[in-house]
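Participant: A predicted structure for the sequence below; I have some questions about it.
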Amino acid sequence: MAAVKELQRDLENKANDLNKLQKDIAKNHQVRKKYTIQLGENELVLKELDLLNEEANVYKLIGPVLVKQDLAEANANVRKRIDYISAELKRLDATLQDLEEKQNSKKEAVDFQATTKNSGSAGWKRQGIICWSPEAYGASLLIGLA
């Protein structure tokens with residue numbers, strides 16, 4: 001019985017680790033979405049700046065004040081922002097790929113341990129654990145005490 005409790009604790013720890021990874025992935029997706037929106041906005045600003053002639057007045061909003069800015073300087077600033085945002089998106093993509101690979105390996109470990117524990121779900125219920133497939137409902141893996 002002690003071995004069963006140890007397996008149960010180990011499975012719960014792995015499930016908690018998997019849940020943390022899923023939260024990190026969701027957080028990174030939100031940040032990526034924010035950067036993607038900012039990139040689109042900055043690309044639109046750059047297109048608008050490209051349409052202006054050299055004598056056009058360009059203003060930059062700094063706090064509550066509009067400050068006149070040179071067209072070339074505004075162009076350079078927007079290009080730098082686009083470069084920065086693009087680099088951040090590449091970094092986030094690499095982070096997301098790494099997190100998703102970790103998630104898949106943790107999920108495989110949890111699934112393997114769950115299936116080797118007992119071949120039927122009735123055995124799980126006897127041990128006080130509920131386990132259901134996340135693919136069937138499109139939700140996170142839930143494992144816990146019944």
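Facilitator: Nice, I can see it.

Participant: A strand includes Tyr59, no?
Facilitator: Yes - according to DSSP: H, G, I helix; E, B strand; the rest coil, Tyr59 belongs to a strand.

Participant: neighbours around it, how many?
Facilitator: A total of 11 residues lie near Tyr59 under the criterion other CB atoms under 10 Å. Glycine gets a C-beta too; all of them are placed from N, C-alpha and C.

Participant: hang on, it packs against Lys68?
Facilitator: Yes - counting by CB atoms under 8 Å, Tyr59 does reach Lys68; the two are 5.8 Å apart.

Participant: surely Val67 is in a strand?
Facilitator: Yes - counting by three-state DSSP, Val67 falls inside a strand.

Participant: against Asn57, how distant is it?
Facilitator: Using CB to CB, to the nearest Å, Val67 is found at 11 Å from Asn57.

Participant: ditto for Lys47
Facilitator: 18 Å.

Participant: from the contact counts, what lies against the strand or helix carrying Lys14?
Facilitator: Lys14 belongs to helix 2-51 when assigned by DSSP states H and E. Secondary-structure packing of helix 2-51 (3 or more CB pairs under 8 Å, 6 or more residues apart in numbering; DSSP states H and E): helix 71-117, strand 142-145.
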